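1. Any chance you could fold what I've pasted below:
(chains A and B)
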Number of protein chains: 2
Amino acid sequence: MAQLLSPPLKDDLDIVIPTIRNLDFLEMWRPFFQPYHLIIVQDGDPTKKIRVPEGFDYELYNRNDVNRVLGPKANCISFKDSACRCFGFLVSKKKYIFTIDDDCFVAKDPSGKEINALAQHIENLLAPSTPFFFNTLYDPFREGADFVRGYPFSLREGVPTAISHGLWLNIPDYDAPTQLVKPRERNTRYVDAVMAIPKGTLFPMCGMNLAFDRELIGPAMYFGLMGDGQPIGRYDDMWAGWCAKVICDHLKLGVKTGLPYIWHSKASNPFVNLKKEYKGIYWQEDIIPFFQNVVLPKECTTVQKCYIELSKQVKEKLGPLDPYFQKLGDAMLTWIEAWEDINSPAKTAPSQANGAKKDESSTKQK
Amino acid sequence: MAQLLSPPLKDDLDIVIPTIRNLDFLEMWRPFFQPYHLIIVQDGDPTKKIRVPEGFDYELYNRNDVNRVLGPKANCISFKDSACRCFGFLVSKKKYIFTIDDDCFVAKDPSGKEINALAQHIENLLAPSTPFFFNTLYDPFREGADFVRGYPFSLREGVPTAISHGLWLNIPDYDAPTQLVKPRERNTRYVDAVMAIPKGTLFPMCGMNLAFDRELIGPAMYFGLMGDGQPIGRYDDMWAGWCAKVICDHLKLGVKTGLPYIWHSKASNPFVNLKKEYKGIYWQEDIIPFFQNVVLPKECTTVQKCYIELSKQVKEKLGPLDPYFQKLGDAMLTWIEAWEDINSPAKTAPSQANGAKKDESSTKQK
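-> Residues are numbered from 1 along each chain as shown, chains lettered A, B, ... in the order given. Next up is the predicted model:
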């Protein structure tokens, strides 16, 4: 009975939070997050002390920690941009990651019940995906639903789910031009659905409320070079989403979107956003056809191999667009090297894990 | 003001109903359907008199009428199967079609309000579709929604919507094996969403609650050879859906699914269904890969040209599976010939339209 009540995947999931401020938002999440381990990636000034509410089990990394853990490879981790969250993915030792922004609060479903977003993500990740054929009644694995007439039986087993993309009530995730045009638009529509994004279809992956299976897709969850010193911002999660989706399609892994909702409390400044997004809005008209046409060779049988191949194609095909993509392609390779350093079996064996462990424990506060 | 209250597309839409019984179900739909013209296709025994509630404007065709209108080409219209509904699509003179089964009633939304399914289909058809990139907040053209951050601006105009596929509360559209396994499952989940089915993704199109733009996709809405004298049943709408989707993808037209819901009252007999579906369940494992890999040449610039090309590929690629597909491929061609006969500009010019008009008026009862 006690086992039944134990939080799901308690020892197999880390919650990764990028932040520049005190984490008071965790108070509202306490009933849902407290049993889990948090990895906090502190962006910006490393001398600033971030306050974390009492009673949470966490490790916190600031820029100095990132530099110490990664050495010269730290240059692949963005600074002054929420893209830095992927450092948390890198150092986690768990199978699953849930990442959430610090301006996201607990939403309520139409019955007024508080939504346990984490539990829904876990449900999404543990059930298979069906990306090869569309099921008109949405997720066939949900209670009360199934495959409809005409759904091929050979496809009903589905494939493992690598990514669960959650949505937002209140402030929708709009780009700066849409924010400017519709400053008062709020998302009030609760769509009670989870669905697999079909194979071959790209989607705009938002990092605000996102979970994934680190073992299945972790190395593709690199949030790129954004923010300080880079010509672009607010495309970190988009970049990860494009890369991860083409790799999931290639490796026959599933990506789901829909439930759970979180309550997104505060719209960022559209004027600031416009400046950050400008190049992304322009470049994506070339980037998206690139990703729509990416072909990964059969030899790419692991996420790492796929990602290295993708980095080459980025440099070759997007490089002519702007020198930034040469730098990004290099950073993608550095990221994979860092991933291998930190996550290869040799490095995580007890005798050698101390280095990383020490870095972690040096900042671990509990 | 009077104009505002006039039912939308009143003179541009026909409601097509295949039936074998008295149409008492129309009583419940009266507030929504009465302003529109109905085309009733009477299946089975042509001597049986079908009762239509007072006050509806309709024309009714039985098998004798089908034979008289089409002559030898009538063999492409199925008998003793709801596939016969496509005869109604053929003889309609309107731009839009809504087709509904006679065991479908008015559903209620979660607030308890009766759903005007037809009005929602019209809304779906009149707004563009976005099949080339996934929008995580569903239909970006709905009130209160838009394109999310990262959606390419060049794709926001969308493409014309050819098909609107509605869903069902209460009895879900399950195949016979699922009906047998889950006899008591009812669909109670109201998912408040409309979405474009992405390009390159097939879906199981159900004919129970379906609307389309006849000018854009009509000739592809052939429901195949099913029922009496055929080895297969209950795959009529699936066949039309597979054909129509690959043609929509080729011609850059949109297909939407989701709202509106109807209330599906009565599950058909799963044992009878199993017999009808048996070959379809078996064959679809080959049919679906066939449709997933269909390539239509650039020269196919109209639905008719696409459909003729598709009929050739069906015979060539599916013919080896069973002689049935040779016959079906031929029937697809006959259907297009019949479509051209009845819908070519020459035939619908006032001087020549009388023949068809007479057939219609001979059965028209008002």
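2. Okay, A:R85 and A:L26: tell me how far apart.
-> 16 Å (Cβ to Cβ, to the nearest Å). The way it works is simple: take the backbone N, C-alpha and C, and place the C-beta from them, glycine included.
3. Those two: who's more crowded?
-> A:R85 (29 against 22; other Cβ atoms under 10 Å in any protein chain shown).
4. What separation do you get for the residue nearest to the more buried one when sequence neighbours are not counted and chain B?
-> Leaving out its chain neighbours, the residue that sits closest to A:R85 by Cβ to Cβ, 6 or more residues apart in numbering or on different chains is A:P18, at 3.9 Å. Per Cβ to the nearest Cβ, to the nearest Å, A:P18 is found 17 Å from chain B.
5. Assumed A:P18 was part of a helix.
-> No - using DSSP: H, G, I helix; E, B strand; the rest coil, the assignment for A:P18 is strand, not a helix.
6. Contact partners for it?
-> A:I40, A:V41, A:D43, A:S82, A:C84, A:R85, A:G88, A:T99, A:D101, A:D102 (Cβ atoms under 8 Å, 6 or more residues apart in numbering or on different chains).
7. Filter those down to the ones in helices?
-> Counting by DSSP state H, those place A:G88 in helices.
8. hmm, which of the contacts of A:P18 are the buried ones?
-> Burial by neighbour count, 16 or more other Cβ atoms under 10 Å in any protein chain shown: within those this picks out A:I40, A:V41, A:D43, A:S82, A:C84, A:R85, A:G88, A:T99, A:D101, A:D102.
9. so what's the closest residue in space to A:F271 that isn't next to it in sequence up against?
-> Closest residue to A:F271 apart from its sequence neighbours, by Cβ to Cβ, 6+ apart: A:A176 at 7.6 Å. Listed by Cβ under 8 Å, 6+ apart, the contact set of A:A176 reads A:P270, A:F271, A:N273, A:L274, A:K276, A:E277.
10. Swap in 6 Å and give it another go.
-> For A:A176, the contact set (Cβ atoms under 6 Å, 6 or more residues apart in numbering or on different chains) comprises A:P270, A:N273, A:L274, A:E277.
11. From the buried ones among the contacts of A:P18, which one has the minimum pLDDT?
-> Least confident entry in the buried ones among the contacts of A:P18, by pLDDT: A:S82, with 92.
12. The nearest residue to A:C104 once chain neighbours are set aside: how many residues sit nearby?
-> Closest residue to A:C104 apart from its sequence neighbours, by Cβ to Cβ, 6+ apart: A:I262 at 4.3 Å. The number of residues packed near A:I262 is 22, by other Cβ under 10 Å.
13. Tell me what A:I262 is bridged to.
-> Bridge pairing for A:I262 (DSSP bridges) gives the partners A:W168.
14. Check the gap between it and A:M205 for me.
-> Applying Cβ to Cβ, the value for A:I262 to A:M205 is 15 Å.
15. re earlier: could you list which of the buried ones among the contacts of A:P18 belong to strands?
-> Of the buried ones among the contacts of A:P18, the ones assigned to strands by DSSP state E are A:I40, A:V41, A:T99.
16. Spell out which parts of the stretch 151-300 of chain A neighbour chain B.
-> Counting by Cβ under 6 Å from any Cβ of the partner chain, the residues of the stretch 151-300 of chain A close to chain B are A:151-152, A:154, A:173-175, A:178, A:189, A:191-193, A:197-198, A:200-204, A:238, A:257, A:284-285, A:288.
17. Next, the residue of the stretch 1-150 of chain A found nearest chain B: secondary structure please.
-> Residue nearest to chain B within the stretch 1-150 of chain A (Cβ to the nearest Cβ): A:G150, separated by 3.1 Å. Under the three-state scheme (three-state DSSP), A:G150 adopts coil.
18. Could you check how many residues crowd around it?
-> A:G150: 28 neighbours (other Cβ under 10 Å).
19. these two touch, right, it and B:C206?
-> No - using Cβ atoms under 6 Å, A:G150 and B:C206 do not qualify as a contacting pair, with a distance of 7.7 Å.
20. State the distance from the nearest residue to A:I217 once chain neighbours are set aside to A:T334.
-> Nearest non-adjacent residue to A:I217, counting by Cβ to Cβ, 6+ apart: A:A162, 4.0 Å away. Distance from A:A162 to A:T334, counting by Cβ to Cβ: 23 Å.
21. The two: who's more crowded?
-> Set side by side, A:A162 and A:T334 show more neighbours around A:A162, with 27 against 19, by other Cβ under 10 Å.
22. For the more buried one, which three-state class applies?
-> Classified using three-state DSSP, A:A162 is strand.
23. tell me the contacts of it?
-> A:A162 touches A:F212, A:D213, A:L216, A:I217, A:C248, A:L253, counting by Cβ under 6 Å, 6+ apart.
24. And the third one, which helix or strand is it part of?
-> In the assignment (DSSP states H and E), A:L216 maps to helix A:214-217.
25. Which SSE is immediately downstream of that helix?
-> Taking DSSP H and E, what comes next after helix A:214-217 is helix A:236-251.
26. quick one: contacts of that next one?
-> Taking Cβ under 6 Å, 6+ apart as the rule, helix A:236-251 contacts A:83, A:162, A:199, A:202, A:204-207, A:217, A:220-221, A:223-224, A:226, A:255, A:291, A:294, A:296, A:303, A:306, A:310, B:150.
27. show me where the stretch 201-350 of chain A has strands.
-> A:209-213, A:254-264 (DSSP state E, counting those that start in this stretch).
28. what are the pairing partners of the first one, and which direction each?
-> Strand A:209-213 sits in its sheet next to strand A:96-100 (antiparallel), strand A:161-170 (antiparallel), going by DSSP bridges.
29. what would those strands look like in TSV with distance to A:R30?
-> Formatted as TSV, the strands paired with strand A:209-213 follow (distance: least, Cβ to Cβ, whole Å):
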stretch	distance to A:R30
strand A:96-100	14
strand A:161-170	19
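30. how close does the closest residue to chain B within the stretch 151-300 of chain A get to A:Q326?
-> Proximity of the stretch 151-300 of chain A to chain B (Cβ to the nearest Cβ) peaks at A:P204, 3.1 Å away. To A:Q326, A:P204 is 25 Å away according to Cβ to Cβ.
31. and the closest residue in space to A:G254 that isn't next to it in sequence, backbone torsions?
-> Of all residues not flanking A:G254 in the chain, A:S129 sits nearest, at 2.0 Å (Cβ to Cβ, 6+ apart). Dihedral angles phi and psi of A:S129 (degrees, to the nearest 10) take the values phi -110, psi 160.
32. Please name the bridge partners of A:S129.
-> Residues in beta-bridge contact with A:S129 (DSSP bridges): A:V159.
33. which residues touch A:S344?
-> If a contact means Cβ under 6 Å, 6+ apart, then A:S344 has no contacts.
34. burial count for the residue nearest to A:N209 when sequence neighbours are not counted?
-> Leaving aside its sequence neighbours, A:N209 sits nearest to A:G166 (Cβ to Cβ, 6+ apart; 3.8 Å). Residues contacting A:G166 under the criterion other Cβ under 10 Å number 28.
35. just A:D228 next, same as before
-> As a burial measure, A:D228 scores 13 neighbours (other Cβ under 10 Å).
36. mind checking pLDDT for it?
-> pLDDT, A:D228: 91.
37. Report the buried residues of stretch A:308-327.
-> Within stretch A:308-327, the residues scored as buried using 16+ other Cβ under 10 Å are A:308-311, A:313-315, A:317-319, A:322, A:324-325, A:327.
38. Any figure for the gap between A:V181 and B:R21?
-> Remark: distance between A:V181 and B:R21 (Cβ to Cβ) = 52 Å.
39. Revised request: answer the last question for A:N209.
-> From A:N209 to B:R21 the distance is 50 Å (Cβ to Cβ).
40. Walking through chain A, point out its helices one by one.
-> With DSSP H as the criterion, chain A has helices spanning A:2-5, A:26-33, A:63-70, A:86-91, A:117-126, A:176-181, A:214-217, A:236-251, A:270-293, A:303-313, A:324-343, A:345-348, A:350-363.
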